[in-house]
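Q: The following comprises the amino acid sequence and a computationally predicted model.
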Amino acid sequence: MPKSEKAKLVGESQNMFNNKIIIGTVMILFFILFSVFGTLIGPSSDLSQDYDLSLKPPSLEHPFGTDLLGRDMYIRAVQGGRISLLVGFLSIIVSLLVGLPLGAIAGYYGGWIDTLIMRSADIFLSMPTILGALLIMALIGPGLINILIVFSMLGWAYIARLFRSNVISIKNSDFILSARGLGASGPRIIFRHIAPNSVGPVLLFALMNIGTAILAESVLSFLGVGLQPPVVSWGYLLSESVTRYMVAPWLMYFPGALLTLTVIGFTLIGEGVSFVFDPKERYE
Amino acid sequence: MWRYAAKRLIETILVILGVTFLVFAIFHLVPGDPITVLSGGRTLPSSVETNLRQSFGLDKPLYLQYFYYVKNIFTGDLGMSFSKNRPVIEILKETYPNSIRLAMAAIMIETIVGIGVGLYFAIRRSRYNDAIMTVSTSLLISIPVFWLAMILQQIFGVRLKWLPVSGMGDGSLRYYILPVITLSSVFVAYVAQTMRSNMIKVMGEDYIRTARASGIPESKVIRKYGLKNAISPVITLIGIDLGALMGGAVATEVIFNWPGIGNQIYLAILARDRPLVMGAVLTLVIIFIFINFLVDVSYSYFDPRIRNSEGR
Amino acid sequence: MSKPLLKVDDLSLSTKRGKEILKNVSLDLVEGGSLGLLGSSGSGKSTLALAIKGLTRNSFSMSGRIIFNGTELVRGKIKKEIGMIFQDVASSINPAFTVYDQLSDVISESKKVSKADARALAEEMLINFGIGSSSRSGSYPHQLSGGMKQRFLVAMGIATEPSLLIADEPSSSLDIFASTDVLKLIDEYRKSSGCALILISHDLSVLRAMVSDVAVMDEGRIKETGSLLEVIDHPKSDAAKLLVDSELTVERALELRLSRQDKQADKEVADVKSK
């Protein structure tokens, strides 16, 4: 097809607010609100243990049932949500904090620094997330801080690589050259000129990966190498349910459903956003 | 294609060495004596401890330690499992085949179902079809594998009592069904999605138009030309998946009590049996990297342009 | 007057969104005749060619008829009697298969011969076209030069032995020598088969060499038709006049723009003159 026709189709109205993004965002907001304010709405707001109430199915008083120690699962789910979401966001932020500078340095300075950083990135990229996390967690132990360390170790590479290629393509453009001509130094150029222009897509990508981070944390916690009480996430709640869910399936249904729906929300946003940038599906 | 393969092989080996170096570095950066790290807080009989010190060369300078470490790995000496009192390598030899069987079954399902579904939805497009495709793939991608496992177990195993939920049993097909469905769920969605979107893209390309214009019947255009051009990312995906399966299988194996490597890792973690954990996970990672290498090279078969070009 | 081989009758084509690409296009072509389609980019010539071949997008809405050899053409049904040589060399050849493979497929399909026979025929054809030789038994498109690729597209177009050949800018991306090679191949086929030719080009010298009649297109319409010499010597429409003036120097072009009272041109002329 003649090139002019192709260009027109791509440039046509990219609907920023297509269905997927809207639905996804609504879902996320819902769960964020749920996690933050859930305890205010619920029937009771204390987490007292009461053996008489152990493993009771959902009821008006305890909408999500109770666990082995008689604690209200609804409240635990809300608290779990806070942690799950928090860890998800934090993981991405930490990855960005490590990945962006490294990517910028690699892209801007090039040469052996670039090779060094990129080869290291290759190593980290070559490991599948769960396995890599297991490997490292097995050595350094469980816990929130350690999870963040591990996720940033596994996540920085992608970000660095993406950012680096953006930096490279911008670094030789005219306005950068003129900034250098005026005597601006390296780091300053990177911060004030290059970064604002190229960081957009990378941030977007990072955003799309929050869902993945949440999932990864839940798997790790589920297996027992993630978060530990009193820091409890949905994944951890699910790990508790494993031995008991034959008799108390609600322990599994609710945290699992919440987790799934939250991740779906993020996935939808991710798909919606990439659809905006690459509407090949619009052709016929 | 072979020169490309050789080049990639060297890169792969370097990456594998890099990973071992990473593990080694973490080993030594973690606070505490490496022996303690290894033993997970147990007290070891002094003979065992001396043995360990020797085989790891802990009294020697760091670079030699690394050398011993790598040598051990590649000669199959992965240390001794503390919780089972057997060499790690033996345990691995027993459990790997079970995981591989599971993984193979999952890959088969993913390939057949995924490519088939993807092709179908690429050729038969409609608002209804597109909607079904989108919704189901989003759902499958987002479901945590272990939750899906538990739900399937609950419904089919406990409530309906149709399928067994635990272990490999006598190895008959029934035992495979639930774990395989669980394992393949996520990637079936990815494969179908990638296949479909790539097929759509390829079928819109000019060279497909040329083929149609020269009189080649549509069925052949789809089968021979469209498929070969569209399938390479899917192959890559399946290759990546093989590795991911080995890892993601951990949760699934645990829930279904499947006697594979994933389950072994879990038990080893519980038992603080670090050598076993490390041995198992390290070998998995190495296998994963190697598979990626193979996938990469096969990619160049499907797209001859890659054979000559540099870089990625 | 002999019945025309091809008759396009009041053809209009517009996109899903209502943008008109072709407007009331009509033309005739006799057996063995030759027609050049002349026009600037975006005038619709390629789309017209695709429409005749039956390859326009399903989402386009079409009115009017195209009659070939007495039968009305239906979009989507490809006629092997109409051959097409595509314009974009880079994207029109499948990168995953050798040129031998692709050509043999076409031959085996159109001549209904065995795969081995088709392969032999394809090899022979490619050698004649200067693409094949025994050492290149596995040639992939990316290993071929631009000229070779274009000649390959010619081969693909004539492999079905069409009675109407449509060539879309077959020489535009090539240097003078490569383009003469390509045009020669088309011409040879014409002579040996007696087929009709529709040649799209913005280059008058190419048209002068290859066709006897010409239709000038602009903005989706046919603005003028006639014999090539007539139109060149006495262009009647504005579109034709503009295109015929192919010896355009910078000064002349600027003058033309000036005459359309283009303020921007004002400044440019001043700049040029001040240098």
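A: Right, received. Where do you want to start?

Q: and the helix or strand hosting residue B:67 with chain A, contact?
A: Using DSSP states H and E, residue B:67 falls within helix B:62-74. No. Under the criterion of CB under 8 Å from any CB of the partner chain, chain A is not reached by helix B:62-74; the shortest gap measures 13.2 Å. To be clear about C-beta, it is placed using only N, CA and C from the backbone, and glycine gets the same treatment.

Q: Contact partners for the nearest residue to residue C:218 once chain neighbours are set aside?
A: Excluding its sequence neighbours, the residue lying closest to residue C:218 (CB to CB, 6 or more residues apart in numbering or on different chains) is residue C:239, at 3.7 Å. Neighbouring residues of residue C:239 by CB atoms under 8 Å, 6 or more residues apart in numbering or on different chains: C:39, C:216-218, C:223-224.

Q: Report the two of those residues separated the most.
A: Longest distance between any two of these is 10.5 Å, between C:39 and C:224; criterion CB to CB.

Q: Give me the common contacts of the two.
A: In contact with both residue C:39 and residue C:224: C:216, C:239, using CB under 8 Å, 6+ apart.

Q: re earlier: list the strands paired with the helix or strand just after the helix holding residue B:67, with their directions.
A: Moving toward the C-terminus from helix B:62-74, the next helix or strand (DSSP H and E) is strand B:80-81. Next to strand B:80-81 in the sheet, as set by DSSP bridges, lie strand B:86-87 (antiparallel).

Q: For residue A:73, see how far away the residue nearest to residue C:218 is.
A: 77 Å (CB to CB, to the nearest Å).

Q: quick one: is whatever helix or strand residue B:219 lives in near chain A?
A: Using DSSP H and E, residue B:219 sits in helix B:218-220. No. Applying CB under 8 Å from any CB, one finds helix B:218-220 separated from chain A by no less than 15.2 Å.

Q: Just the mean pLDDT for that helix, thanks.
A: Helix B:218-220 shows a mean pLDDT of 85.

Q: and it, which residues are buried?
A: Using 16 or more other CB atoms under 10 Å in any protein chain shown as the test for burial, helix B:218-220 gives no buried residues.

Q: In contact with residue B:118, which residues?
A: Counting by CB under 8 Å, 6+ apart, residue B:118 touches B:191-196, B:199, B:234.

Q: Most widely separated two among the residues you listed?
A: Longest span within the contacts of residue B:118, CB to CB: B:191 and B:199, 11.8 Å.

Q: who's more crowded, those two?
A: residue B:191 (28 against 24; other CB atoms under 10 Å in any protein chain shown).

Q: If I look at that one, what pLDDT would I see?
A: 88.

Q: Over to residue C:187?
A: So, for residue C:187, pLDDT stands at 90.

Q: Tell me who's in contact with it.
A: residue C:210.

Q: Let me know the secondary structure of it.
A: helix (DSSP: H, G, I helix; E, B strand; the rest coil).

Q: Flag every residue of the stretch 51-200 of chain A that's near chain B.
A: A:119-120, A:122-124, A:126-132, A:134-136, A:138-140.

Q: The helix or strand that the helix holding residue B:219 is followed by packs against which elements?
A: Remark: after helix B:218-220, the chain's next helix or strand is helix B:227-256, criterion DSSP H and E. On a contact count with 3 or more CB pairs under 8 Å, 6 or more residues apart in numbering or on different chains; DSSP states H and E, helix B:227-256 meets helix A:129-140, helix A:210-223, helix B:88-123, helix B:145-152, helix B:173-203, helix B:261-270, helix B:274-302.
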